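> Starting from these lines, generate the structure:
(one chain, ligands or ions: 1)
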Amino acid sequence: MTERGPKRAVVTGGGAGIGRALVERLAARGARVWTVSRHPVPDAPRGVWALVGDLTDPRTVRALADAVERDGGGLDLLVNNAGVLGPRVTLDRYPPEEWDRVLAVNATTPFRVIQSLLPALARSRRAVLLNVSSGAGVRGRACWGAYAASKFAVEGLTQVLADELGDGGIRVHAVDPGGTATAMRAAAYPDEDPGTLPTPDAVAEAILRMVDADPPPATGTRLLARDWMDAAPLPH
Ligand SMILES: NC(=O)c1ccc[n+]([C@@H]2O[C@H](COP(=O)([O-])OP(=O)(O)OC[C@H]3O[C@@H](n4cnc5c(N)ncnc54)[C@H](OP(=O)(O)O)[C@@H]3O)[C@@H](O)[C@H]2O)c1
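Next up is the predicted model:
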């Protein structure tokens, strides 16, 4: 673990995809990591506390915050990563209950998690809070329905929080991972060859570079993973 690297981190949705890769990288660096997903995290690495639960249930969010609190100390990193895609249909056919579910997981959950973990983040000298967004969070396109609306909400939440917290405290960013070879991306683009996309691990590495950066990017800036990767940008 580097001098500056986070020693205590929460990553939501650490059971698969980008979240799983982040959890693995952080644990390999010796960090203590807390994560939550609805399915158990297979082969959770050493140092990882993996809670099985649905983050739309406030009791799950409370259990997460309690676990961090019980361990004592502050929290250096929070990554609001858990997300769902929802149906890829036009708005006239969009099932209202799916709209509610996608907004609940992608937009309301980060708000609740932030509220419950801000005290722990405030106890760290260099806390970083990342809200995972998407290109769909800055440009709405046909058939992205509640997913796009939820990611616009994530962008708004991030801007409000960065402004409220100001400079010199917790650093806040919306992070756009870009197209990444995960189950969610395969569901959105079933005909795409995942071999043409960055792996979750490459994106996790880029995200941890954002966290470690010295000097750090200004709080409130929107960060694109592809700008923090070694290789030439891959298809977005
Ligand atoms: N992959 C891409 O190309 C791409 C592009 C732009 C943005 N993103 C964003 O990046 C983030 C990660 O996406 P991914 O591609 O890695 O997705 P993924 O492979 O589908 O993984 C999503 C993770 O979130 C968890 N999760 C979902 N709903 C949950 C809930 N209600 N409670 C607790 N955990 C929940 C899932 O675990 P369970 O199913 O076990 O709950 C899983 O661990 C998301 O916010 C996504 O919107 C991805």
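
> what separates stretch 223-230 from the chain centre, distance-wise?
In terms of C-alpha atoms, centre = their mean, to the nearest Å, the centre of stretch 223-230 is set 15 Å apart from its chain centre.

> Do me a favour and get the end-to-end distance for it?
Across its full length, stretch 223-230 reaches 15 Å between end residues, using C-alpha to C-alpha, to the nearest Å.

> Can you name the residues that contact the residue lying farthest from the centre of the chain?
Centroid-distance maximum for the chain: residue 92 at 29.5 Å, with C-alpha atoms, centre = their mean. Going by C-beta atoms under 8 Å, 6 or more residues apart in numbering, residue 92 touches no other residue. Using the backbone N, CA and C atoms, a C-beta is placed for each residue, glycine as well.

> Residue 145 and the ligand, how far apart?
Distance of residue 145 to the ligand, computed by C-beta to the nearest ligand atom, to the nearest Å: 13 Å.

> now the end-to-end length of stretch 129-139.
Note: stretch 129-139 ends 23 Å apart using C-alpha to C-alpha.

> Distance from the chain centre to it, please.
With C-alpha atoms, centre = their mean, you get 9 Å for stretch 129-139.

> so does stretch 151-159 get close to the ligand?
No. Using C-beta under 6 Å from any ligand atom, stretch 151-159 stays clear of the ligand, with a minimum separation of 6.8 Å.

> show me where this structure has strands.
8-12, 32-37, 48-52, 77-80, 128-132, 171-176, 222-224 (DSSP state E).

> buried stuff in the fourth one?
Think strand 77-80. 77-80 (16 or more other C-beta atoms under 10 Å).

> try the fifth one
Using 16+ other C-beta under 10 Å as the test for burial, strand 128-132 gives 128-132.

> Rounded mean pLDDT for it, please.
The average pLDDT for strand 128-132 rounds to 99.

> what angle do it and strand 171-176 make?
For strand 128-132 against strand 171-176, the angle by axes from the mean of the first three to the mean of the last three C-alpha atoms, to 10 degrees is 20 degrees.
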